[in-house]
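Participant: Got a predicted structure plus its sequence, pasted below:
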Amino acid sequence: MQPDMQGHTRCRKRLLWHAEKLTKADRPAEVVARYKRHVDSWEGSVLLKHAAHVAAWVALAPTSLGVLNAAAELLLGILRSPGLPPLTDRLKVALELIRGRWDGPDALDFEAGLRRDLMPFLPSTTTPTTTTEKRHACSESSPETGQDGLDSGDDPSMLGASSCAPLDLPDFRSARCSRAARHLQRHADHFRNSSEQSLEVQQLLQDSCRACKLGDARQMCCTLLKAVACLARPRLETTSATGVQLNISADARLCAANQSTLRKAVLTCLEGLDLADGGTCQRGDVQVAVAKLGQLIGGKDLTKMFSSRQWHAIAELVLHLLQDDQRPLGLNYAQEATWHSELEIDPATKQDCKKRKAHQNHTIVGVGVEWDKSMDQQLLGLIAEGIQFQEMEDQLQRSARWLQNRHRQLLKDPSSPCPTGNRDSAASVKVGHRALARRALLNLPQRQGTVTEICEEILLLDVHQVQHLNRVLSTGPTRTQGREMWRGRVADELSGGPEFQLIGKLGREGIWRFVPK
């Protein structure tokens with residue numbers, strides 16, 4: 001009944017003592033009931049200690065007591081606790097004993113639902129316990145999507161939990177791979193329980209950009225392992241019956257933003273590394289990171305996933321390192337799926353590229369036809385005929401990306417107003433939005449604030465440029481709906497200005513700080 005537990009003799013003896021104590025109790029059911037009454041008042045190490053007691057009962061107590069089902073339900077509730085710290089060695093050993101008891105001569109006679117819910121928390125019989133912790137039970141929805149079309153990997157409570165899946169390492173006997181696998185699991189556990197995930201993912205992106213700029217391959221490998229450890233599985237792009245994308249909660253949007261930043265960090269590291277070099281590919285952290293990426297994208301159709309462009313780029317970079325069963329489905333590698341990392345380049349060059357890209361996204365060069373409702377109907381008709389956006393560019397005189405965004409806008413709101421250029425050609429005063437943002441930040445406490453706070457402070461400035469701000473509401477598909485155009489320009493300057501630093505987030509808005517150069 002008990003598997004070989006070398007190195008855990010002391011833990012095993014203590015667990016056996018707790019099981020014998022329950023067996024010798026006059027009324028074992030009352031002992032379990034007492035634990036249930038007090039479980040809500042336990043937290044931290046106290047909760048883990050009592051969880052080990054309950055796990056010892058389930059693993060070692062005889063089935064004739066008649067309380068193992070109740071004890072298993074109590075253990076399942078503890079393991080599902082959102083604030084549960086990393087598991088102790090004693091609790092890990094107890095979970096291994098439970099796993100070894102499933103099919104033994106003294107097998108546990110659990111209900112089918114209880115057995116199914118408890119199974120994800122138990123270690124596999126073929127993988128060590130350091131890579132098999134799992135805190136949250138699998139939902140009864142499909143493997144790819146949960147409620148409201150959310151993948152469990154993007155759920156706030158499951159963020160980073162997918163990193164706990166057993167790894168199929170290229171050479172598990174290698175000491176380098178084993179050590180890297182432990183590091184990956186430790187990073188995943190830390191990220192899952194962290195209360196400052198947004199700041200940590202931003203730091204990972206900065207570390208990857210800095211290492212890539214300096215050409216530090218070792219630092220890029222370390223950052224790659226940390227970022228991959230926190231990655232969640234690709235999430236299906238789910239829509240309702242009418243084609244409208246389903247709404248998700250604010251917490252889920254924040255988690256999705258963090259995951260997008262993590263993918264940027266992974267792409268930056270992969271692009272900076274020479275993956276064709278044998279020495280780089282033989283590093284343990286690179287092999288483990290690639291194996292984890294293969295688990296995330298293997299057998300999936302990335303064209304149907306959110307952020308498919310990022311996943312396409314990741315798959316292209318590691319394709320030659322993946323096994324056949326780790327490669328994604330439905331990916332056309334001949335299509336354009338390039339990705340340019342957000343490196344710290346010359347500000348003037350970066351701003352020029354941003355303006356040129358924005359111009360290409362809105363309209364084809366040399367064409368200035370105003371968009372009207374008849375063109376909306378024409379766009380919907382062409383889509384109904386199965387014509388691709390790239391084939392509509394010449395006919396509708398807009399870029400494919402602009403047309404795709406306009407189509408999404410019409411799906412959400414068919415009565416959405418027609419987008420306009422929102423350019424005040426008659427304006428005789430040039431407004432310096434970057435200078436206004438700089439002055440507003442200097443007036444704010446600690447020289448920092450959100451975009452909304454900065455814009456409100458700009459309106460209080462005693463300068464003539466405030467009177468010439470473009471107050472036209474944005475209606476374009478590539479802009480935030482219902483926001484004045486000048487506020488969008490301020491947000492652009494904050495993102496592109498070298499003296500503005502993003503230090504965190506408040507809700508859905510970033511917090512910007514003025515850092516003099």
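Facilitator: Sure thing, it's come through.
Participant: quick check: domain ranges of this protein?
Facilitator: 9-131, 151-326, 353-412, 433-514 (automatic domain parsing).
Participant: Those into a markdown table, with extra columns for mean pLDDT?
Facilitator: Listed next are those as a markdown table, based on pLDDT from 0 to 100:
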| stretch | mean pLDDT |
| --- | --- |
| domain 9-131 | 77 |
| domain 151-326 | 73 |
| domain 353-412 | 71 |
| domain 433-514 | 82 |
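Participant: Quick check: which of those is buried the most?
Facilitator: Of the domains of the chain, the one with the most neighbours on average (mean count of other Cβ atoms under 10 Å) is domain 151-326, at a mean of 19. C-beta here means a position set from N, CA and C on the backbone, and glycine is covered the same way.
Participant: Let me have the domains of the chain in TSV, adding distance to residue 418 as columns.
Facilitator: TSV is the format used below for these (distance: least, Cβ to Cβ, whole Å):
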stretch	distance to residue 418
domain 9-131	46
domain 151-326	20
domain 353-412	5
domain 433-514	7
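Participant: For residue 75, which non-adjacent residue is spatially closest?
Facilitator: Leaving aside its sequence neighbours, residue 75 sits nearest to residue 54 (Cβ to Cβ, 6 or more residues apart in numbering; 4.6 Å).
Participant: That neighbour: what's it in contact with?
Facilitator: By Cβ atoms under 8 Å, 6 or more residues apart in numbering, the contact list for residue 54 reads 32, 35, 71, 74-75, 78.
Participant: let's go with 10 Å and repeat that
Facilitator: Going by Cβ atoms under 10 Å, 6 or more residues apart in numbering, residue 54 touches 18, 22, 32, 35-36, 39, 70-79, 91, 94.
Participant: Please list the residues outside stretch 29-37 that contact it.
Facilitator: Taking Cβ under 10 Å, 6+ apart as the rule, stretch 29-37 contacts 21-22, 25, 27, 42, 50-51, 53-54, 57, 65-71, 73-75, 77-78.
Participant: Extract the C-alpha trace of it and format it as CSV.
Facilitator: Presented in CSV, the C-alpha positions along stretch 29-37 are these (Å, rounded to 0.1, in the frame of the first residue of the first chain):
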residue,chain,number,x,y,z
ALA,A,29,-16.5,11.2,12.8
GLU,A,30,-16.5,13.9,15.5
VAL,A,31,-12.8,14.5,15.0
VAL,A,32,-13.4,15.1,11.3
ALA,A,33,-16.4,17.3,12.0
ARG,A,34,-14.3,19.4,14.5
TYR,A,35,-11.7,20.0,11.8
LYS,A,36,-14.4,21.1,9.4
ARG,A,37,-15.7,23.6,11.9
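Participant: what about the helices in the stretch 401-517 of the chain?
Facilitator: Under the criterion DSSP state H, counting those that start in this stretch, the stretch 401-517 of the chain contains helices at 433-443, 451-459, 485-496.
Participant: right, so of the ones you listed, which gets closest to residue 212?
Facilitator: Among the helices of the stretch 401-517 of the chain, the nearest to residue 212 by Cβ to Cβ is helix 485-496 (19.6 Å).
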